[in-house]
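S.K.: Based on what follows, work out the 3D shape:
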Amino acid sequence: MLTFAPYFGEYVYYAENAGGKLVAIPANAPTFMPDEKMLEQAITEKTKAVIINNPNNPTGVVYDREVIRKIADVLRKKQEDFGKSIYIISDEPYRELVFGGVEVPYIPEYYENTIVAYSFSKSLSLPGDRIGYLTIPNAVSDYENMVIGAGVANRILGFVNAPALQQLAVARCCDEKAEIDFYDKNRGILLEGLERYGYECVRPQGAFYLFVKALEEDDKAFCESAKRFGLLLMPGSVFGCGGYVRISYCVARERVVNSLTAFERLSQFYKNKH
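M.R.: Sure thing, here's the model as predicted:
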């Protein structure tokens with residue numbers, strides 16, 4: 001199973017639990033857009049699927065139509081070369097959390113063998129509530145067995161079977177959306193402040209994270225230094241991309257504003273070290 005770095009760290013365990021292995025295609029900094037040529041080189045006869053997380057956690061980058069088309073073209077060619085199906089698993093919990101009118105392509109329109117995994121936990125601002133659905137279009141190879149397999153998994157794996165009460169509650173909220181303007185304002189405040197203090201940031205188009213270059217090579221050591229100033233950051237190495245950190249801004253506006261002083265002090269700390 002393949003994915004593009006940086007990636008959600010738990011993909012490793014998802015692949016291993018299914019008896020497979022996750023192989024990450026190296027990050028293409030500073031844009032962090034997938035490279036279709038590197039994808040082509042990474043695919044082997046053992047490749048079963050490619051996980052695409054769009055918008056991406058941790059970068060907030062959105063893969064546009066052109067990127068998706070190129071990925072689809074590579075996979076079609078590889079399917080012909082190897083005489084087997086290669087699936088895209090499109091992980092889309094942040095689909096609605098985009099800024100400035102950015103469009104998130106619906107991948108089944110570009111590649112037939114696509115399974116979409118969706119979660120309401122982000123679109124309804126319910127972090128931690130793992131409730132969502134799979135979309136398995138009938139154009140997918142071995143569609144009937146795919147649907148049966150997903151149904152059986154839902155029954156025998158308790159952790160993917162949401163309580164009935166929760167399902168009924170979410171059903172009434174399907175047309176509701178998170179406050180995008182609130183996240184966008186937090187994003188702008190944090191991005192403007194960090195860049196003013198000299199941090200290199202990946203400008204996010206979606207989700208609610210900033211991916212920021214650490215002020216030293218060891219991102220875990222940088223996170224430890226940040227704790228001295230009351231900042232809790234996630235090291236990029238957790239996402240298969242060392243040298244960066246992830247900052248979440250799905251918090252109260254006051255906390256975002258108050259954090260800027262701490263980020264300024266952290267920046268000054270490293271300037272004084274050098």
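
S.K.: ok now do Val12, which residues does it touch?
M.R.: Leu22 (Cβ atoms under 8 Å, 6 or more residues apart in numbering). For every residue, glycine as well, the C-beta is placed using N, CA and C.

S.K.: For it, what is the enclosing helix or strand?
M.R.: helix 11-17 (DSSP states H and E).

S.K.: Tell me the buried residues in the very next helix or strand once past that helix?
M.R.: Sequence-wise, the next helix or strand downstream of helix 11-17 (DSSP H and E) is strand 23-25. Going by neighbour count (16 or more other Cβ atoms under 10 Å), the buried part of strand 23-25 is Ala24, Ile25.

S.K.: Could you list the residues in contact with stretch 234-254?
M.R.: Contacts for stretch 234-254 (Cβ under 8 Å, 6+ apart): 5-9, 24, 27, 29, 57-58, 125, 127, 182-183, 185-187, 189-190, 202, 208-214, 217-220, 222-223, 226, 233, 256.

S.K.: quick one: the closest residue to Val160 other than its chain neighbours from Asn161, how far?
M.R.: Excluding the flanking residues, the one nearest Val160 by Cβ to Cβ, 6 or more residues apart in numbering is Asn154, at 5.7 Å. Noted for Asn154: a distance of 6 Å to Asn161, by Cβ to Cβ, to the nearest Å.

S.K.: ranges for the strands of the chain?
M.R.: In the chain, the segments counted as strands under DSSP state E are 2-4, 23-25, 49-53, 87-91, 114-119, 132-135, 201-202, 209-213, 234-235, 244-248.

S.K.: out of the ones you listed, deepest packed?
M.R.: Of all the strands of the chain, strand 2-4 has the most neighbours on average by mean count of other Cβ atoms under 10 Å, namely a mean of 26.

S.K.: Run through the neighbouring helices and strands of that strand.
M.R.: strand 23-25, helix 36-42, strand 49-53 (3 or more Cβ pairs under 8 Å, 6 or more residues apart in numbering; DSSP states H and E).

S.K.: same thing but at 10 Å, please
M.R.: Packing partners of strand 2-4 (3 or more Cβ pairs under 10 Å, 6 or more residues apart in numbering; DSSP states H and E): helix 11-17, strand 23-25, helix 36-42, strand 49-53, helix 65-82, strand 87-91.

S.K.: For it, give the mean pLDDT please.
M.R.: For strand 2-4, mean pLDDT is 97.

S.K.: So what touches it?
M.R.: 11-12, 14-15, 21-28, 32-35, 38-39, 42-44, 47-54, 56, 61, 63, 67, 71, 75, 86, 88-89, 91, 240 (Cβ atoms under 10 Å, 6 or more residues apart in numbering).

S.K.: can you do 7 Å?
M.R.: Residues outside strand 2-4 that contact it (Cβ atoms under 7 Å, 6 or more residues apart in numbering): Tyr11, Leu22, Val23, Ala24, Ile25, Pro34, Ala42, Ile43, Thr47, Val50, Ile51.

S.K.: go on, stretch 71-91?
M.R.: Taking Cβ under 7 Å, 6+ apart as the rule, stretch 71-91 contacts 34, 36, 39-40, 43, 45, 47-54, 107, 110-111, 113-117, 141-142.
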